[in-house]
Structure formats: C-alpha cells, structure tokens
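Student: Would you be able to build a 3D model of this:
(chains A, B and C)
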Amino acid sequence: MRSSIYTKNSLIENVIKYKELIIIMIPSILYLLINNYLPMAGVFIAFKDVNYSKGIFASKWVGLENFRYLFATKDALIITRNTVGYNFLFIILDIVIPVALALMLNEIRQRILPKIYQTTMLFPYFISMVIVSYLVFALLSHDKGMINRVILPIFNVEPIPWYNESKYWPFILTGVYIWKTAGYNTIIYLAALSGIDKQYYEAIAIDGGGKRKQILYVSLPFLRPVIIILSLLAIGRIFRSDFGLFFQVPLQSGSLFPVTNVIDTYVYRSLIKTNDLGMASAAGFYQAIVGFVLVLATNTIIRKIDKDSALF
Amino acid sequence: MKKGSLNQISVGANFGINVIFIFLSLCCLIPFLLVLSVSLSSENAVIREGYRLIPTKFSLAAYRLLMRDISQIGRSYGVTIIVTIVGTLGSLMLTALYAYPLYRKDFPFRRFFSMFLFITMLFNGGLVPFYILYTQYLRLKDSILALIIPYLLNPFYAIVMRTFFSTTIPESLIESAKIDGAKEIYILRKIVFPLSLPVFATIGLFTTLVYWNDWFLSLIFISKSSNITIQYYMYKIIMNLQFLLSNPSISGTMAKAEIPGETARMAMAIIGIGPIVLAYPFFQRYFIKGLTIGAIKG
Amino acid sequence: MKRIKSACVLFLSIILILSMFITACSGQTDKGGSKDSDTKKTQEGQSPLDASKLDPVRLIMTVPGTPQQDQSLVNDAISKYLKDDLNVTIDLQQIDWASWGDKSNLIIASGEECDILFTAPWTQYEVNAVKGAFHELDDLIPQYAPDLLKTNYTWLLDVAKINGKIYAIPTYQILAQSRGFILRKDLVDKYGPEVNFTVKEVNKPEDLEPLLRVIKKNEPGIIPYYGNPSKLLSFMGPWDRQGSTEPTAINCYDEYPRYVNFYDNDFYRECARIARRWFVDGLVNSDIATTKEDASSIFAAGKAFCFSGQTNPAEKSSIENAVGYKIVMYPLIKPIISTSLARGAMFSIPRQSSNRERALMFLNRLHTDKNLVNMFVYGIEGKHYVFKDDSRQIIEPAPGIDPSKNPYFNLIWMFGNQSLLYAYGEENVNAANDLDNFNQNAVKSPALGFSYNPEAMKNEIAALTNIVLEYDPVISSGAVDMNKDGLYQKFLQKLKAAGIDRLLEDQNKQLEEWLKNK
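Tutor: Numbers count the residues shown, from 1 in each chain, chains lettered A, B, ... in the order given. Prediction:
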C-alpha cells in the first residue's frame, strides 16, 4: 500500500509534494490512532483465557479455543444462514426502495410536500426496537392483536398464533426493517440527487427524452458510486445484525429461533451464563474477519469494472 | 419556485406519487400516534384494554414520572444539546478534513488511508479496552468530553462524504484552482465546502441523531456527576422502576398498578424524539433539488 | 483575511486534539499521586488492631441501586461515626440497575478504584472469582474480621467458598426461599368454599385447579393464572439451580446430592402436562410463552387471580402494599436454601483494592454494629427517620419526610446483617425473629456450599443455553403441546447432541470431589 506502486515519485517526494493534504489530515489521523487503534490491542482478548489477577496481556494464550462454540453445533449453520440471508436481502432492499423513493420525491411538483413526507417517514427511525416490539405485539398478539381480532375475521380466517409460527417471520422482520430504515436511507440518496446539475436533465429533455430516459441516463449513473459504496460497506457488516430487530421484536420466542436466531443473538444467549470476555471477543473478531475478506474480494472485482467507485 | 418548467411530470403521475407517499406517511405516522396515545394513557387502562389510538383514560402519570426531577432534566437537556452541537460541528470538521484528501485522485496515499480508515470500521478491541482508554489514560470519567469524543469521526460517514465529493465536485475545478496557485485550504473553503452543503447537511443530520440518541456513553462513563444525556436519564428511570416493580419489598407505598411501566417507555420515546423532529426541518432545506451549484461555477 | 480564517479551521482542530492530550497528561500526574498514598497506606496495615495507629483511609464501596439524594450526607455521618475507631471515610456509590451489569464488569476488568464491590451469583460471583477478580479472604478473616466467626450464621462463610477459598462476605438476610402461588384473598374467600379449597403447608398445582376453573367461569375479565417465561410452573420446585436457563439441577429434598438433567425429569414432564392442560382450558394468559409483562403488575391491575412468586411469609405485607390487594400465599415447596440463594448478596474486595485489611475490618463492623447497618439503610436519625416506639425499636419516617417522594431508603437485604435492622412500621416488629426462624427451618440443599467450575464445559453450556431458550418456554408454559411433532423428544435429543451428558458427568465429578473433602 505504499505510494511507490502508484506514482513515479519516491515516498519522500510524495510526502513533500502533498504535505498540505497530509497536514490537513493530521488531526483526524491522530484521532483514529488514539480512539480506534489504541484500544484495538484488545483484539487479543479473543485468543486468551482472561484472568484478572494476571491482567489481559499476561493471561494464557489459548489460540482458537474461544471460537469453538461458534461452530460446534448444527445451530452454527442455521445462524449463519439466517444472518447472511437477511443481510443479503436487506442490502438489495436498502438500494431499491430508498432510491425509488428518493427519485419519486424529487419529482413532486409541490415543493412543500416532499419535506412533509420526508419528516414523517423519518419517525420510525426514532422508535426504539423495544417499543417496536410492543407495537408489533399490538398487531400480532394472539387474542388481542389487531390482525387476529379485526382483519382476519373479515376474510373468515382463523386466528393465527403468530409468535409460534416461524414461516411468517422472515416477511415480518423484513417489513419491520424496511419500515424503520427506509426513511432514513432515502435521505442519503436525496442528498446525492440534489447535487446533480439541472442542466443535465434539461439537456435530455430538450432532445425529447422523458423522465424515464432522464433517470436512466442521469440520475442512476450519478447515484451509482453512492450505491456501490453503501453496498460495499454493508458487505463488510454481513455477519453482523441489528440486535434489537432479531431479539426484541420476536419477543425471544423459542419457536421462532430457526428463522430469527442470528449470530449476534446466538452469541448473546450463549454468554448469558458464563459472561466470558474471550468468547465474546472471539465472536466479534470472527464477524470482522469475514466481513473484511469479503470486502477485499468485492473491492477487487469492482476495481476491475469501475476503478473510481471502489473503496480502495 | 419556477412554474410550468419544461421538465415537470404530468399531473396524473404527480397525483399517483402523492397517493403513494400519503399511504407511506400514514404507515409511519400511525404507529407514532399510537405511541403518543399510550404515553398519555393511564397504565391501568393500558393493561386492561391494550393500545388504543385515543386513550380510554387520559393520564399524564408517565410524563410526571419522567419529568419529576426538573433540575436534572434541565441539566440533562443542556448536556445533550451541548454534546450534540459540539459533537456535530467537531465531527463535520474532522470528517471533512479526512474525506477531502481521500477524494483527491492524485493523492498518492489515498488507498492507504482508505484502508487505514476502513479497518477501524470492522475491527475493535471491545468494550473493556475502550473503557480503559477513556477512564485511565485519557482520564475522562464523568466528563462531558467522554460523551463527545467517541463519535467524532465515524468511518462510515467519512467514506460516504468522500463518495459525495467525487460525484459532486469535478476534478477540473480543483485542477484549475491549483494551476492558479491556490493552497489546499483555500480550495477547501472556496470550492469544496460551498458545493458540499447537501453532504454536510446529511452527515450533519446523521451525526446529530447519533449524539442525540446515545445513552450508552452516559451509561458507562458517567457515574458520579449529573452529566448524563436526556436519553440515558429516562432509560435509567425506567430501568430502576422495573427493578422496583419486581421487588415488592422496596417499592414502598406506591401501588404497583399505578407505577407507569409501558406508558413510561412510550413517554420516553416521545420526549426523546420531540426536539429532533423540530430540528430536522432545519437540515431539510439543503436537500432541495437543484440548489447551490450554479453560483459557484466560474 | 482569508488566510487567517482558514488558519482558524486548522487551529480549532488542533485545539481539540491538544485538549485531549492535556487532559490525558494531567490525568497521569493525578494517577501517580494517588498511587503514592496508596502504597503508604498498605504499609501501615501491619498493626491493624491498634486503632490509634491507623491512618485515615478512604474506602470506595460500589453497590447496585438507585442513587439516593442524601447519600453524601449519610456517607459523611457514617464516616464521622467510624472515625474514632476505624478511621475510614466511606464513599458509598450506587450504580443504577440500568448500568449495573455493564459497569460492574468494567470495574473488574479495568481495575478502576474500588475497595468493596457487591457481588452475587446473579451478577457473576463464581465466574469472576475464578477469574481472579477478588481477593482471597480466608487468611485475613481471623485477624481483621474475627466477629464473623462468632455469629449465628458462620456457616454462611463456608457456603461462600469456591475451591476452598472465600472470595466474598455474604450478607445475612432472608436466605431461604419458598416458591408457590400468590392468590387474591377476596376471590379465594368468594369462590374457595365452592370447591373446598384449603391451603396446606405444601401444596400441589393440581389442587389449585378447581379454584382456577371456578374463577374462569365466573369472572370473565380476570385471567386465572398469569405467567411469563421467568415465572412458570417448572420454577416452583425444590431445585437448586443457577438461574432459569440452567440445564441441570440438584434436588434439595435429596439426602445425597446429584446433578440431573432438569428437562429429562418426571417433575418437568408433569409441570409441562399440567401447564398444557391449563393453557388449552384457558386458565392462563395466551401469551404466556412470550410476554414480558411483570405478572405482579397485571395482578395489581385487577386482571389476574394469581401469579407465581416467592411465598415467604415475611414478605406478605410488602407484597400486599405493592399490589394493593390482600393475598393468600400458596406454597408449593418447603422453604429451601440453595447455594445461589445463600450467596444472594455479598461483598467482595476486588483485587485492585490496596486497602484489603481495612475493608475487611469495615465489613466486620457491618455485621455486628447495629447503628452502622441502620445508618446505611435508613439514614440519619432525626433527619430521615425517628423512633416511634423505642422499646420495640420501631421507626417511622421523620416529620417533614414524605414517603411517596423517594426519601432516603437503601436496600434492606444488602448490608451486613439484616436482623440488626430496626422495624420499619408496626407490621415488621418481628421481622428479625422471623428472619432467623425462616432461615433455620428451611431445607438446606445437600450441595450447599458447592460451586461448579464450568471452565471445561464453556462451549457445551453456550450451546445448551441456546437450546433451552428455544424449547423450554414453549413447552413448560404449555403454549405448545410437547407431544406435537415430537417436540419434546427433539428437545431432549438436541440437548444430548449439545453435550448435556458430558456436562452432567463433569458436574457430578466435581460434586463428588467436594463431598469427599467436606
């Protein structure tokens, strides 16, 4: 990663030539070093059997022992499948829906309306997952929930024990996720769209192109780098999940575990009794490494296609 | 506002889109109204009858519980506001100063620093080293700074900002400025910042939300002083309440049914959201299509 | 002009970074300072019993609880009280329940200042002790806390031992626990006669059923039995278990202790069958397997006839006060004392404390000095409380104190010796005696004092916990028929596959060892 690969100048020459930029970066670099890199030494906890009287660094090295519980049982496959499955789906939905919404918002003739819609669609973001779980319960409770009490009887359907039937929950959780995050994500795309010079649209319009052409040839290409970057960053988090979504909303119902247990919830439940620092740290490291490798791989592919859109 | 612009969509399409958004807005608004309604109900009524859009028995007990200590509330609001404003401004600065060099394609260390940043997004040593750093080395226990510093540079936002720079600021502008002999600081001030108002508004908004919603930093760093944020203050009340509820021997003379439980949670959400929803329109005006750019080119 | 302005931008960020460093540097010197005085104090610990030679020492005491407004006043009063003989300044710090879990772990892991730390099995006492978080106290007790060896509960010290060493001093409080149903008295009086309802010393859940059915029939707005995943039938048994997700348990009624698979057990199956019957017949709330509601709150709102809880007679009046109804206690077991119950509240001395001896001396006082204990719990006499009846030691709030406005009141079960407390109100006048009786007459678990070291079985426990959380609530709440689709069999199979037999083997092996050396 040294500069010699990219430019003809030597390292020293580059530092001198770009010294202004480097100086600009110094406060932020210092911040990262202190706030992020110093504590990173704690990554070693994942490989140790921590004993407080010896201190973290002098504790016994146990290699990969702390990682075993993540792979030991058949549950390991289920939680991995769930985590990756949902994240994959969410990555796609996190592009398609907010982009569509942003494009539409931009077209509304009355300029005051998008502001109102944006504000209201942001409300779900503020509601914590605990409260969301109450709201979902108000809908899906077996005898008091609105769905069973009001909606199903209209279609002459028997009440469904929602919290015991796992087959509905991928849809329910996805729905909740979109409801909560769409408004928030739309903002990013709206901000991006607002940076497009109107002349580009007008150029196409003058040539007789309709909205469809404008979107295809101006808006989307303009948004592409943003879409790619956000997806790439999301791939880096592919082994992580929104804990509140998968733990609180299903009310921790055991019958739903096959579709709601993800790596983060599994780790949490595993460590309730032992509270083992090493095992917790190992889980985090495992998630980080997988994400890192995937991002490197994806980034390399992207570099080949569109060098400027890559992360690095 | 331009009227009858060449490029507007048809009235029909406009209507259709509006219908869609009205529906979506209702989907987002109704649950919120439900939360509001429950927060204004008596706990007893909620237990008996469940959630209603209009409270069957109106009661301010939940709010009274949360607002009981007015002086602490005032202080916590103060703390939260200071933390949010200072944090957001500081964060915008640090983030922009890091993102700008990353955006410059001719910067030879671009890849290195991108990687440098990205690694911090994925890998971290966990809560314990973080805590030790702040309490023992930086000695910031109980300090407001401990509520600000941890979020000053969010790698995710830095990368997004860099991407925005590359889509909205043409390299040619920078190049011509450099040919004219401009210093980097000058370029930042005169070219980059004005063109990036939407970006700063976005990242500024997100950062504001991060600071405003945070209760975790108060939880771990503040123990003796009253420098806690409003979110943590309310969270604390509710958690202490829960404990009292499940231990009858100490709840004293207050009858259980009257102690706000669920209603308090809802009230907490409302109090937490309130100010931000009011502040959001402030950021919004930067998202309007077609603002800004024209004046700068040239 | 512009150059000055742009310089400001850079300047501001540098200021930010510098301020961080300045705080850090000044912090370092502080740290150095306190270290010096600490080492000085350790040296004086040579002759502790000679009070006149004691240097002043500040003890930081960290407990969970709601921070009390007047705590610093009370701390000062306590410090003044102890100045002459112990010469300590007590700094009692309460950590909100909201943060206790995280913060107590951080205190231990980061080694920050703390001399006395609350601990209990439900806040990881065993785990932390084994990981070296606390000082071993055995050698120090005879010299610095001799009174602990002379109380009527000295056996409690043995119970606190792990691998033969004492890592914390247990508080003497209500140690025994009786489990059963709490019933609403007015409904019992109204419908009880219809079904010849009686309350025995130990009852069976089936005996409650007729009453539940009558109530269901006649009171449509009331749920007969309100349960939630942490308060189900299966918890009301004579089992020594470390928490509700523990896959194994010891039966306290057994003479010879043995770990068994809690879920492959007649007791469990019977509970599941009864629960299923109750569920199908509508005698329980339909969300029993998932609800997070506190059962007693539902009861207090008048929506439930009974719920499961602790049927300790000593707590009857406080429960009645809290729920606003007169109650009848319906115990399902004789009161038991298990190891985790006996360790319910303890004070450890974390390894980072440099004032071990003095802390221990202080704890010694906490178990014997009536004034001290009452100061911690009730506050300052005259300011927070006054004596209503001197001879019987009954107290009430001081004039000017409004009981509903959160007056100074700490947790009664936390500090030293609960039987030393004054009686708060007339109804508690016999509390101290009742406490002793209740503890003494309880059935002691045959494995009382044994601590299992889970080091070798960490992975199995991790997997087992997940499986328990997946299957147990639905089965033992009756929400799903355990025989449907072989659900129960699947549960047992998965437990086996995750290594429950290995766990049992390891546990029983350690148990045998301990029994031999007892």
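Student: Residue of chain A closest to chain B, please.
Tutor: Nearest residue of chain A to chain B: residue A:42, at 2.4 Å (CB to the nearest CB). C-beta: built from backbone N, CA, C; applies to glycine.
Student: wouldn't that residue be in contact with residue B:133 here?
Tutor: No - under the criterion of CB atoms under 8 Å, residue A:42 is not in contact with residue B:133, lying 9.3 Å apart.
Student: Would you mark the buried spots in stretch C:430-438?
Tutor: Buried residues in stretch C:430-438, counted by 16 or more other CB atoms under 10 Å in any protein chain shown: C:431, C:432, C:434, C:435, C:438.
Student: can you give me the strands for chain B?
Tutor: In chain B, no segments count as strands under DSSP state E.
Student: Domain-wise, how is it divided?
Tutor: For chain B, automatic domain parsing gives the domain ranges B:3-39, B:65-293.
Student: Please work out which of those domains is packed deepest.
Tutor: Of those, the one with the most neighbours on average (mean count of other CB atoms under 10 Å in any protein chain shown) is domain B:65-293, at a mean of 19.
Student: starting at the chain centroid, how far to it?
Tutor: 6 Å (CA atoms, centre = their mean, to the nearest Å).
Student: any idea how far whichever residue of the stretch 51-200 of chain A sits closest to chain C is from residue C:131?
Tutor: Using CB to the nearest CB, the single residue of the stretch 51-200 of chain A nearest to chain C is residue A:53, 3.2 Å away. Distance, residue A:53 to residue C:131, by CB to CB, to the nearest Å: 8 Å.
Student: Run through the chain and note the low-pLDDT ranges.
Tutor: Assuming you mean chain A. A:1-8 (pLDDT under 70).
Student: oops, I was thinking of chain C
Tutor: Residues of chain C that meet the cut-off, pLDDT under 70, sit at C:1-53, C:404-405.
Student: go again using 80 as the cut-off
Tutor: Flagging of chain C using pLDDT under 80 yields the residue ranges C:1-54, C:242-243, C:292, C:314, C:318, C:321-322, C:392, C:400-407, C:425-428, C:518.
Student: Give me the most central residue, it.
Tutor: Centroid-nearest residue in chain C, with CA atoms, centre = their mean: residue C:344, separated by 4.4 Å.
Student: Please name the residues that touch the closest residue to it other than its chain neighbours.
Tutor: Distance criterion CB to CB, 6 or more residues apart in numbering or on different chains; nearest residue to residue C:344, sequence neighbours excluded, is residue C:120 at 5.6 Å. By CB atoms under 8 Å, 6 or more residues apart in numbering or on different chains, the contact set of residue C:120 is C:343, C:344, C:345, C:346.
Student: and stretch A:152-172, does that touch chain B?
Tutor: No - under the criterion of CB under 8 Å from any CB of the partner chain, chain B is not reached by stretch A:152-172; the shortest gap measures 14.3 Å.
Student: then that stretch to CSV, C-alphas only?
Tutor: C-alpha atoms of stretch A:152-172 as CSV (Å, rounded to 0.1, in the frame of the first residue of the first chain):
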residue,chain,number,x,y,z
LEU,A,152,-58.7,-12.0,9.7
PRO,A,153,-62.4,-12.3,10.6
ILE,A,154,-63.2,-10.2,7.6
PHE,A,155,-61.7,-13.0,5.4
ASN,A,156,-63.1,-15.7,7.6
VAL,A,157,-59.7,-16.9,8.6
GLU,A,158,-58.9,-18.5,12.0
PRO,A,159,-56.7,-16.6,14.4
ILE,A,160,-53.0,-17.4,13.8
PRO,A,161,-50.6,-17.9,16.7
TRP,A,162,-48.1,-15.6,15.1
TYR,A,163,-45.4,-16.0,17.7
ASN,A,164,-45.3,-19.7,17.3
GLU,A,165,-45.3,-20.0,13.5
SER,A,166,-41.9,-19.3,12.1
LYS,A,167,-42.8,-19.2,8.5
TYR,A,168,-44.2,-15.7,8.6
TRP,A,169,-41.3,-14.1,10.3
PRO,A,170,-38.9,-13.5,7.5
PHE,A,171,-41.5,-11.4,6.0
ILE,A,172,-42.5,-9.7,9.2
